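> Fold the stuff below for me.
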Amino acid sequence: MFEPAVSHAPSNYSEGFARQPLYSQVRQHLLKELARGVWRAGDMLPAEKELAQQLGVSLGTVRKAFASLADEGVLCRKQGIGTFVQSFRMSAYTNQFHRFFYDKTNDIVPFTMRLVRYETVAAEEAGVAAEVLGLSPEARVIHALRVYSWMNEDVGISELWLPAERFSRMTQQNLANHEGSLYSYYETELGVTIVDTHDCIKAKCFTWKQASIGRFQVGAPYLELTRVGYTYGNEPVEYRLSYCSSEKFHMVM
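Numbering: from 1, shown residues only. The predicted structure follows:
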């Protein structure tokens, strides 16, 4: 019979976990396996019948766990083929993040990126980013600053904080040379899959410090997007601040 590994957890957590429906326990088990890298983005999972036998549960329990994870966008079920780990490239929201539109034509802006800063700092220097990412004081954090441009005009700024241990394969060169979706780059090059994000948007004006990073006017309006990106198990692995000039452009989420 399938028994989740909870011996390391506090007793009140274990009791709560045990009260969960069996399909939910299977779901949690699958998420842990994904977090361990047993299956990567784009991989096909074992057949439902095979997995049910391995875990000692009914076929219906596995199907319900699969359905739950598919609804959450973690898995992708292809009729007659099998169930796959959702890939950022496979998903319907491939172009969801940082879609800038030109106000006059309402056309999407095919911006380019340039990396203007890349450093690894102590968690204590990362401030709120380290807190959100749940990092210990001795942990290291990758801090990167990139500028969005379109037709020789700067559109916005993106500032990233990432756990250095989790993103150990990232280098200044491969980030600078990357073109296209940042989340696709995380997934294919670094083995980190973003499965969910939490966003907060505010309207602000460029300060002198921000304007000096790119070609922006001090006091010009912009939209500030604060984003936390999560991988499997609701683990935060990305803290991002993005600034989109709103004089000629708008952002669609």
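> Name the nearest residue to S68, sequence neighbours excluded.
R27 (5.3 Å; CB to CB, 6 or more residues apart in numbering). Quick note: C-beta positions are derived from backbone N, CA and C, even for glycine.
> What is the helix or strand encompassing that neighbour packed up against?
Per DSSP states H and E: R27 is located in helix 22-36. Identification of packing neighbours for helix 22-36 by 3 or more CB pairs under 8 Å, 6 or more residues apart in numbering; DSSP states H and E yields helix 59-71.
> show me the residues around the residue positioned nearest the centre of the chain that make contact.
Compute the mean C-alpha point of the chain, and by CA atoms, centre = their mean the closest residue is I194, 2.9 Å away. Counting by CB atoms under 8 Å, 6 or more residues apart in numbering, I194 makes contact with F88, Y183, Y186, E187, G229, Y230, T231, V237, E238.
> So for it, what's the pLDDT?
Here, the pLDDT recorded for I194 equals 88.
> Am I right that it falls within a strand?
No. According to DSSP: H, G, I helix; E, B strand; the rest coil, I194 belongs to no strand; its state is coil.
> what's across from T226 in the sheet?
Legend: beta-bridge partners of T226 under DSSP bridges are C200, L241.
> how close does G156 get to V57?
G156 sits 48 Å away from V57, going by CB to CB, to the nearest Å.
> okay, the two: which has more neighbours?
G156 (27 against 20; other CB atoms under 10 Å).
> ranges for the strands of the chain?
All strands of the chain, identified by DSSP state E, fall at 75-78, 82-85, 99-102, 112-122, 140-150, 153-163, 196-205, 221-231, 235-245, 249-252.
> what's the average pLDDT for the fourth one?
Meaning strand 112-122. 94.
> Okay, angle between it and strand 140-150 too, please.
160 degrees (axes from the mean of the first three to the mean of the last three CA atoms, to 10 degrees).
> List the buried residues for strand 112-122?
In terms of neighbour count (16 or more other CB atoms under 10 Å), strand 112-122 has its buried residues at M113, L115, Y118.
> Going by neighbour count, list what's buried in the helix holding R27.
L22, Y23, S24, Q25, V26, R27, Q28, H29, L30, L31, L34.
> Give the burial count for the nearest residue to the second one once chain neighbours are set aside, as a bare number.
Beyond its immediate neighbours in the sequence, the residue positioned closest to Y23 (CB to CB, 6+ apart) is K64, lying 3.9 Å away. The burial metric for K64, expressed as a neighbour count using other CB under 10 Å, is 18.
> State the distance from K64 to G80.
K64 is 20 Å from G80, by CB to CB.
> same question, S87
19 Å.
> out of the two, which sits in the more crowded spot?
S87 (17 against 4).
> Now for the nearest residue to R63 once chain neighbours are set aside, how many residues are close by?
Of all residues beyond its chain neighbours, the one nearest R63 is E48 (5.7 Å), with distances taken as CB to CB, 6+ apart. If you count neighbours by other CB under 10 Å, E48 ends up with 18.
> you'd agree E48 is up against T83?
Yes. Between E48 and T83 there is a contact under CB atoms under 8 Å: 7.4 Å.
> Are there residues contacting both of these two? Which ones?
F66.
> Got the domain ranges for the protein?
11-85, 99-252 (automatic domain parsing).
> which one of the ones you listed has the lowest average pLDDT?
Minimum mean pLDDT among the domains of the chain: domain 11-85, a mean of 82.
> so how far is it off the chain centroid?
Mean-position distance between domain 11-85 and its chain equals 20 Å (CA atoms, centre = their mean, to the nearest Å).
> how many other residues sit next to the residue nearest to Q54 when sequence neighbours are not counted?
Distances taken as CB to CB, 6+ apart place P46 nearest to Q54, at 7.2 Å, with adjacent residues excluded. A count of neighbours around P46, defined by other CB under 10 Å, yields 14.
> From V121, how far off is P46?
From P46 to V121 the distance is 42 Å (CB to CB).
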